[in-house]
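K.L.:
need a structure here:
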Amino acid sequence: MKKSNLYPFVLACLMFVISFQLFTQHVLWFGFRDKFASELDVAEHALAIAFIWFSIAVGVLFSALGFLSFRIGIRKPLAYGCILFLVVAAISAGIDMHFRSYMADSSGG
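P.N.:
Residues are numbered from 1 along each chain as shown. Just a heads-up that it's a prediction; the model follows:
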């Protein structure tokens, strides 16, 4: 087994770890005990859920590419998948910064 066949599986595991980490930090701890959520919390919650589902989908794609790597070359599709993930992550970070620039958060007065 070649070392290059492991790269898609490692990337898939990384996508699943990213999804789990976002889920535990932004979805499980959403709002306060009295069910209050600020405008920024609601917007970031929706963005986190969308990015979690995207990360899971990319993880499944990388897993499929890992199984295909035993039969065909997957260098270009793997590179395109990585670039797509990085672009979507950068766009999500930009949207989050935009949300933080004008939405009210729960930091108090």
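
K.L.:
which residues of the chain score low on pLDDT?
P.N.:
1, 31, 33, 106-109 (pLDDT under 70).

K.L.:
mind jotting down where the strands sit in it?
P.N.:
Counting by DSSP state E, the chain has no strands at all.

K.L.:
quick one: distance of the top helix by length along it to the chain centre.
P.N.:
Across the chain, the longest stretch assigned as helix under DSSP state H is helix 39-68. The chain centroid and the centroid of helix 39-68 are separated by 4 Å under CA atoms, centre = their mean, to the nearest Å.

K.L.:
same thing with stretch 51-71?
P.N.:
13 Å.

K.L.:
in it, what's buried?
P.N.:
51-52, 54-56, 58-59, 61-63, 65-66, 69 (16 or more other CB atoms under 10 Å). Where C-beta positions appear, they are placed from N, C-alpha and C, glycine not excepted.

K.L.:
repeat for stretch 80-92
P.N.:
In stretch 80-92, counting by 16+ other CB under 10 Å, buried: 81, 85.

K.L.:
so what's residue 26 up against?
P.N.:
For residue 26, the contacting residues are 44-45, 48, by CB atoms under 8 Å, 6 or more residues apart in numbering.

K.L.:
equivalent analysis for residue 45, please.
P.N.:
With CB under 8 Å, 6+ apart, residue 45 has these contacts: 26-27, 30, 37.

K.L.:
any idea how far it lies from residue 19?
P.N.:
15 Å (CB to CB, to the nearest Å).
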